[in-house]
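> 3D, please:
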Amino acid sequence: MSVSKKIIGKVILAGDGAVGKTTLLNKFLGKTEEEVKITVGLNIQSASYEIEGEREIKSILVFWDFAGQPQFRFFQQDFAKNPFLVIFVFDLTRYKTLINIEKEWLPMFKNDGKDAINKVLVGNKCDLGKTIQEDEIRRICGKYHMKYFEVSAKTNKNVNELYKFIKKQIFERVKGT
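Sure, this is the predicted structure:
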């Protein structure tokens with residue numbers, strides 16, 4: 001095995017309030033079910049892991065969980081700079097949360113001409129059913145070049161697949177360097 005490499009990836013979870021961003025993050029970090037309180041402004045947590053292959057890669061993911069309430073947006077723009085990946089989360093039972101991804105959240109993460117920002121769209125609460133048309137989800141994913149995951153942070157459905165995707169994105173980026 002060749003020389004090891006250490007990378008840090010800034011991953012932002014963005015979306016309206018009560019869509020399940022913090023619960024999803026807790027699942028990524030292996031935290032037990034606990035009462036999730038409203039995120040006030042910003043919640044930062046980290047996780048580390050190693051990828052073995054041609055070379056050992058030690059990675060630290062720093063998750064920035066943005067509060068979804070509008071009163072916190074005035075300062076979030078400052079923290080939106082230089083993410084490795086942005087996870088846009090919406091509630092599959094509330095159409096407005098999907099529309100707000102396009103109207104309010106995506107504009108916060110405009111590419112500044114540097115490396116393209118990796119984006120993924122996550123429809124949460126699939127355990128409660130879905131009231132949003134699949135065509136609308138596909139339209140937004142196509143327009144903004146996003147991969148889509150449908151998950152339930154409550155039941156853990158597809159959460160591990162999403163987390164594997166996040167780690168793979170970091171590995172692919174490191175491979176390219």
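
> Okay, buried residues for the helix or strand where residue 161 lies please.
Element membership for residue 161, per DSSP states H and E: helix 159-175. For helix 159-175, the neighbour count (16 or more other CB atoms under 10 Å) marks 159, 162, 163, 165, 166, 167, 169, 170, 173, 174 as buried. (Each C-beta comes from the backbone N, C-alpha and C, glycine too.)

> Out of these, which one has the weakest pLDDT?
Among those, residue 174 has the lowest pLDDT, at 62.

> show me where this protein has helices.
21-28, 73-79, 95-100, 134-144, 159-175 (DSSP state H).

> could you check the angle helix 21-28 makes with the longest one?
Relative orientation of helix 159-175 versus helix 21-28 (axes from the mean of the first three to the mean of the last three CA atoms, to 10 degrees): 80 degrees.

> Using CSV, write out every CA atom in helix 159-175.
The C-alpha trace of helix 159-175 is given here as CSV (Å, rounded to 0.1, in the frame of the first residue of the first chain):
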residue,chain,number,x,y,z
VAL,A,159,-29.8,5.9,4.7
ASN,A,160,-26.8,3.6,4.5
GLU,A,161,-26.8,3.8,0.6
LEU,A,162,-26.8,7.6,0.8
TYR,A,163,-23.9,7.6,3.3
LYS,A,164,-22.0,5.1,1.1
PHE,A,165,-22.6,7.5,-1.9
ILE,A,166,-21.2,10.4,0.1
LYS,A,167,-18.0,8.5,1.0
LYS,A,168,-17.6,7.3,-2.6
GLN,A,169,-17.8,11.0,-3.8
ILE,A,170,-14.8,11.8,-1.5
PHE,A,171,-12.9,8.7,-2.7
GLU,A,172,-13.5,9.7,-6.4
ARG,A,173,-12.3,13.2,-5.7
VAL,A,174,-9.1,12.0,-4.0
LYS,A,175,-8.5,9.5,-6.9
